[in-house]
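Enquirer: Here's my sequence, what's the structure:
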Amino acid sequence: MRSDTGPLMLLWFVILAPVLVAEIFQSPMADYRIVALGAALPLAEVVFGGPRYLHTMVVAMGLMAILMLATSNHRLIRRRLLGIPIGLLLHLVLDFTWARWDDPAVDWSAADLVAVRSTWDYVERADEFLAWARRVDTGGRLLNGADLFAWNLDKSYLAVLEKRGEVPTVPTRILTQGPSERLQELADARAEFGDLVVKPRTGAGGVGVVVIESSVALDTVELPDVPLVVQPMVASVRDRGEISVFVIDGQATSMVHKTPAPGEIRVHDHLGGTYVQVPVAGEAAEAALPAMRAAASLCGRVLDYGRVDLLHHDEAWRVSEVEAIEPALYLDTFADNAEPFAQLVRARMP
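Expert: Residues are numbered from 1 along each chain as shown. Model (predicted):
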């Protein structure tokens, strides 16, 4: 979320930027006035209608390089003037506001753009979350948008993707709520697939996932009392893992290979899964963009960004999920998504 609020926004930059420099560098020689000036300079671009060159890392890093070369014999001058590009970089860091989606004190109408990043409680509060998203999503201010959230929130979309056949998809069947009907549907799925995985239609973090092996009596299986989907248990996840391809503004920007902990099929890091960045190449990478296009066709709008998860099943990498609500970008581990995401935000700013 970002909002321009005149003098308050100026104070936000000229106060916090020097504070961060003091905390990080702890140098008595730093000229915090120069840092404050550098942090405030991009605000001058308002006269040109909005963020431009001073809101880019290229300009900040280029200016830093020029100053380093130009002041090679003047260390004291260099130390002072470097406060300008440092301030420019800190402006990029500070040019947003974190806010809870359910905080009644937040004036969402003041935001130029809203990006949903870690709203993991939406699973238990889906209706409330979607109502909030629809209120916020006026004039395209919400990345990916409320209608896309509503489509992506229910994993039954995987059954629709599979039926349309535009992209290889892990087979998915929708279970009904009635106990007797559900038991028959599980029996039908077992006859079709063998070992099964049952998932909540609205879920995150691997919560509520149940593996049903062929040797287990179906009438003894305890399932969550929520809408569910059933899929084949893709055994290759144990040795070949899962591939996640990140697509930002129509481009595949990075790819991660995930492997589950021993005895697990869920690859989430909080369950012991491990992540390794790999080159964006191969069959899995080639399936990501068609998956995003198929999703766009189904929900009626282009996805600003998302993550496509794929599993190897029946001799092909198949889509197991298209995450478009709050796809983790793994910025704490892999930096490749940072600049493309920043460019996306900048491009979508009014």
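Enquirer: Now do the helices in this structure.
Expert: Remark: helices assigned in the chain by DSSP state H are 7-25, 32-40, 57-70, 75-81, 83-94, 126-136, 146-152, 157-164, 179-193, 282-299, 338-348.
Enquirer: List the contacts of the residue lying closest to D304 once chain neighbours are set aside.
Expert: Leaving aside its sequence neighbours, D304 sits nearest to L143 (Cβ to Cβ, 6 or more residues apart in numbering; 4.7 Å). For glycine as for every other residue, the C-beta is placed from the backbone atoms N, C-alpha and C. Contacts for L143 (Cβ atoms under 8 Å, 6 or more residues apart in numbering) come out as 113-116, 304-305, 344-345, 348.
Enquirer: The same query, at a cut-off of 7 Å, please.
Expert: By Cβ atoms under 7 Å, 6 or more residues apart in numbering, the contact list for L143 reads 113-115, 304-305, 348.
Enquirer: Can you add mean neighbour count and mean pLDDT and give the helices of the chain back as a markdown table?
Expert: Below are those laid out as a markdown table (neighbours: other Cβ atoms under 10 Å; pLDDT from 0 to 100):
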| stretch | mean neighbour count | mean pLDDT |
| --- | --- | --- |
| helix 7-25 | 15 | 82 |
| helix 32-40 | 21 | 92 |
| helix 57-70 | 14 | 92 |
| helix 75-81 | 14 | 88 |
| helix 83-94 | 21 | 89 |
| helix 126-136 | 16 | 95 |
| helix 146-152 | 20 | 95 |
| helix 157-164 | 18 | 96 |
| helix 179-193 | 15 | 94 |
| helix 282-299 | 19 | 94 |
| helix 338-348 | 17 | 89 |
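Enquirer: Of those helices, give the one that comes closest to G206.
Expert: Nearest of the helices of the chain to G206, taken as Cβ to Cβ: helix 157-164 at 15.9 Å.
Enquirer: tell me the residue furthest from the middle of this structure?
Expert: In terms of distance from the mean C-alpha position of the chain, N73 ranks first, at 45.0 Å (Cα atoms, centre = their mean).
Enquirer: okay, it: pLDDT?
Expert: Here the pLDDT value assigned to N73 is 88.
Enquirer: again with G165
Expert: 93.
Enquirer: Could you report the neighbour count for it?
Expert: Burial of G165 is recorded as 9 neighbouring residues (other Cβ atoms under 10 Å).
Enquirer: where does it fall, phi/psi-wise?
Expert: As for G165, its main-chain torsions (degrees, to the nearest 10) stand at phi 70, psi 20.
Enquirer: any idea how far it is from R318?
Expert: Remark: distance between G165 and R318 (Cβ to Cβ, to the nearest Å) = 12 Å.
Enquirer: same thing with F341?
Expert: Taking Cβ to Cβ, one finds F341 at 26 Å from R318.
Enquirer: Can you mark which positions in stretch 224-243 are buried?
Expert: Along stretch 224-243, these residues count as buried under the neighbour rule (16 or more other Cβ atoms under 10 Å): 227-234, 237, 241-243.
Enquirer: wait, what's in contact with E166?
Expert: 290, 294.
Enquirer: what do you get for the one 10 residues further on?
Expert: The neighbours of T176, taking Cβ under 7 Å, 6+ apart as the test, are 182, 185.
Enquirer: Model confidence score at it, please.
Expert: 90.
Enquirer: can I assume A204 is in contact with W120?
Expert: Yes. With contact defined as Cβ atoms under 7 Å, A204 counts as touching W120 (5.7 Å).
Enquirer: quick revisit: can you list the helices of the chain in CSV and add distance to P104?
Expert: Converted to CSV, the helices of the chain look like this (distance: least, Cβ to Cβ, whole Å):
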stretch, distance to P104
helix 7-25, 20
helix 32-40, 31
helix 57-70, 35
helix 75-81, 45
helix 83-94, 25
helix 126-136, 10
helix 146-152, 19
helix 157-164, 31
helix 179-193, 39
helix 282-299, 29
helix 338-348, 25
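Enquirer: do you know which of these lies nearest G263?
Expert: helix 179-193 (21.1 Å).
Enquirer: what separates that closest one from the chain centre, distance-wise?
Expert: 34 Å (Cα atoms, centre = their mean, to the nearest Å).
Enquirer: Send me that helix as PDB with only the CA atoms.
Expert: Extracted in PDB, the C-alpha atoms of helix 179-193 (Å, rounded to 0.1, in the frame of the first residue of the first chain):
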ATOM      1  CA  PRO A 179     -21.300 -38.300   3.900                       C
ATOM      2  CA  SER A 180     -22.800 -41.100   1.800                       C
ATOM      3  CA  GLU A 181     -22.200 -39.300  -1.500                       C
ATOM      4  CA  ARG A 182     -18.700 -38.300  -0.400                       C
ATOM      5  CA  LEU A 183     -17.800 -42.000   0.400                       C
ATOM      6  CA  GLN A 184     -19.000 -43.100  -3.000                       C
ATOM      7  CA  GLU A 185     -17.000 -40.300  -4.700                       C
ATOM      8  CA  LEU A 186     -13.900 -41.300  -2.800                       C
ATOM      9  CA  ALA A 187     -14.400 -44.900  -3.900                       C
ATOM     10  CA  ASP A 188     -14.800 -43.700  -7.500                       C
ATOM     11  CA  ALA A 189     -11.600 -41.600  -7.200                       C
ATOM     12  CA  ARG A 190      -9.700 -44.600  -5.700                       C
ATOM     13  CA  ALA A 191     -10.800 -46.700  -8.600                       C
ATOM     14  CA  GLU A 192      -9.500 -44.000 -11.000                       C
ATOM     15  CA  PHE A 193      -6.300 -43.000  -9.200                       C
END
